[in-house]
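J.: Need a 3D model of the sequence below.
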Amino acid sequence: MSEKALIEEHVRYLEKVRNFRPNTVRKHKSDCLQWLKYLGEHNLELCKVTEDNLLSWIDYRQNCAGVQDATIARGLCVLRTLYEYLFQFGKMHRNPAESLPDLICRPPAEKAYLRAKECFELLDAFDINTDIGFRNYILLALMWSTGLRTGEVCALDWRDINLDEGTLLVRFGKGGKQRFLFLNDRIWEDLRKYHKRLGGTGKAPVFFAFTMNGASKKKWARLSCKQLVDMIRFHAKNVGITKQVNPLTFRHTFATHMYEAGVSIDDLKEMMGHDDNTETTIYIHITLDAARRMLQEHTANHLG
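T.: All right, here's what the predicted structure looks like:
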């Protein structure tokens with residue numbers, strides 16, 4: 001079977017068996033065909049690729065092709081999926097991508113996420129003795145601890161949060177998908193205090209709008225996405241954070257900090273509401289040099 005036919009077979013498997021969404025399948029096919037082109041240009045064969053060949057491809061993409069890190073991370077995840085398939089279905093005797101770390105890319109741009117120190121600076125800046133200050137504190141703490149999207153956090157109703165069990169239901173996720181999240185003890189307790197103070201049941205929004213003087217515009221007026229963005233930008237600038245900060249920054253921050261704490265990519269994928277690992281890898285990265293060191297250590301341990 002030709003290499004291109006193997007790619008077509010792999011793509012059909014993703015579509016028919018693993019039920020990947022059409023857009024995801026198209027991206028996988030495009031990245032696989034780009035990989036075939038690279039292999040041809042470097043006299044390499046699809047089913048004889050080694051770990052070092054994959055690392056050299058990343059190096060080439062970063063330094064020669066001028067490709068953005070997010071694109072490289074997505075492509076690497078596609079190749080990992082491809083070689084898992086080729087190995088499992090007997091097309092190869094070993095999987096060259098198995099020993100590679102989950103994420104290989106340059107560290108993301110500084111604006112992509114916040115350090116823990118910066119997050120605490122933001123949280124400490126709110127006057128939690130006022131209703132609006134307490135709301136803002138809870139908003140940012142929740143986004144940092146769950147990685148919710150802008151629309152997801154604004155759409156939260158009190159029916160979506162189980163304060164007895166410490167769980168949160170994302171009812172209106174991307175692509176219409178729902179998911180459950182478990183709250184850590186700190187944000188769980190903070191939400192209980194927030195609910196006791198401001199109240200709300202059923203379809204009442206968890207986060208509602210205030211005027212500049214701190215009064216509610218009207219009973220249960222839902223906070224808009226624009227208001228959330230404006231609030232975050234204002235307070236980030238106010239505490240002296242020079243990088244561009246928005247709700248997506250906290251999604252990057254959540255993913256990066258969770259990965260650093262040892263949470264696997266598979267678990268992060270579920271927590272963030274992604275279809276596969278490809279989407280998750282754009283949020284967190286390790287360096288190429290670190291990947292080579294990890295690979296060398298893996299090989300040494302295996303041989304020992």
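J.: Domain-wise, how is this structure divided?
T.: The record's domain split for the chain, according to automatic domain parsing, is 3-107+286-303, 111-260.
J.: quick one: the strands in the stretch 101-250 of the chain?
T.: 161-162, 167-170, 179-182 (DSSP state E, counting those that start in this stretch).
J.: Which of these sits closest to Pro247?
T.: Closest to Pro247 of the strands of the stretch 101-250 of the chain, according to C-beta to C-beta: strand 167-170, at 14.4 Å. Placement of C-beta: from N, CA and C, glycine included.
J.: Kindly report which one of the domains of the chain carries the lowest mean pLDDT.
T.: With a mean of 80, domain 3-107+286-303 has the lowest mean pLDDT of the domains of the chain.
J.: neighbours around the closest residue to Arg192 other than its chain neighbours, how many?
T.: Of all residues not flanking Arg192 in the chain, Leu163 sits nearest, at 5.3 Å (C-beta to C-beta, 6 or more residues apart in numbering). As a burial measure, Leu163 scores 16 neighbours (other C-beta atoms under 10 Å).
J.: do the one 4 residues further on as well
T.: Residues lying near Thr167 (other C-beta under 10 Å) number 14.
J.: how near is it to Glu15?
T.: Using C-beta to C-beta, to the nearest Å, one gets 33 Å for the distance from Thr167 to Glu15.
J.: Export the domains of the chain to a markdown table and append columns for distance to Met272.
T.: Output for the domains of the chain, formatted as a markdown table (distance: least, C-beta to C-beta, whole Å):
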| stretch | distance to Met272 |
| --- | --- |
| domain 3-107+286-303 | 14 |
| domain 111-260 | 5 |
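J.: Of the ones you listed, which is nearest Asp276?
T.: Judged by C-beta to C-beta, the one of the domains of the chain that comes nearest to Asp276 is domain 3-107+286-303, at 6.7 Å.
J.: For that closest one, what is the distance to the chain centroid?
T.: In terms of C-alpha atoms, centre = their mean, to the nearest Å, the gap separating the centre of domain 3-107+286-303 from the centre of its chain is 19 Å.
J.: Is it correct that Gln178 is in contact with Leu168?
T.: No - between Gln178 and Leu168 there is no contact under C-beta atoms under 8 Å: 11.1 Å.
J.: Of the two, which one has the most company?
T.: Taking other C-beta under 10 Å, Gln178 and Leu168 do not tie; Leu168 has more neighbours (24 against 11).
J.: quick one, what contacts that one?
T.: Under the criterion of C-beta atoms under 8 Å, 6 or more residues apart in numbering, the neighbours of Leu168 are 146, 156, 160-162, 180-183.
J.: Which stretches in the stretch 101-250 of the chain count as helices?
T.: Using DSSP state H, counting those that start in this stretch, the helices of the stretch 101-250 of the chain run over residues 116-124, 131-146, 150-154, 185-198, 225-238, 247-260.
J.: one step back: among the strands of the stretch 101-250 of the chain, which comes closest to Tyr85?
T.: Closest of the strands of the stretch 101-250 of the chain to Tyr85 is strand 179-182, at 25.9 Å (criterion: C-beta to C-beta).
J.: Give me the packing partners of the closest one, helices and strands only.
T.: On a contact count with 3 or more C-beta pairs under 8 Å, 6 or more residues apart in numbering; DSSP states H and E, strand 179-182 meets strand 167-170, helix 265-272.
J.: now the ones you listed in JSON lines, with distance to Met231?
T.: Below are the helices and strands packed on strand 179-182 laid out as JSON lines (distance: least, C-beta to C-beta, whole Å):
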{"stretch": "strand 167-170", "distance to Met231": "21"}
{"stretch": "helix 265-272", "distance to Met231": "22"}
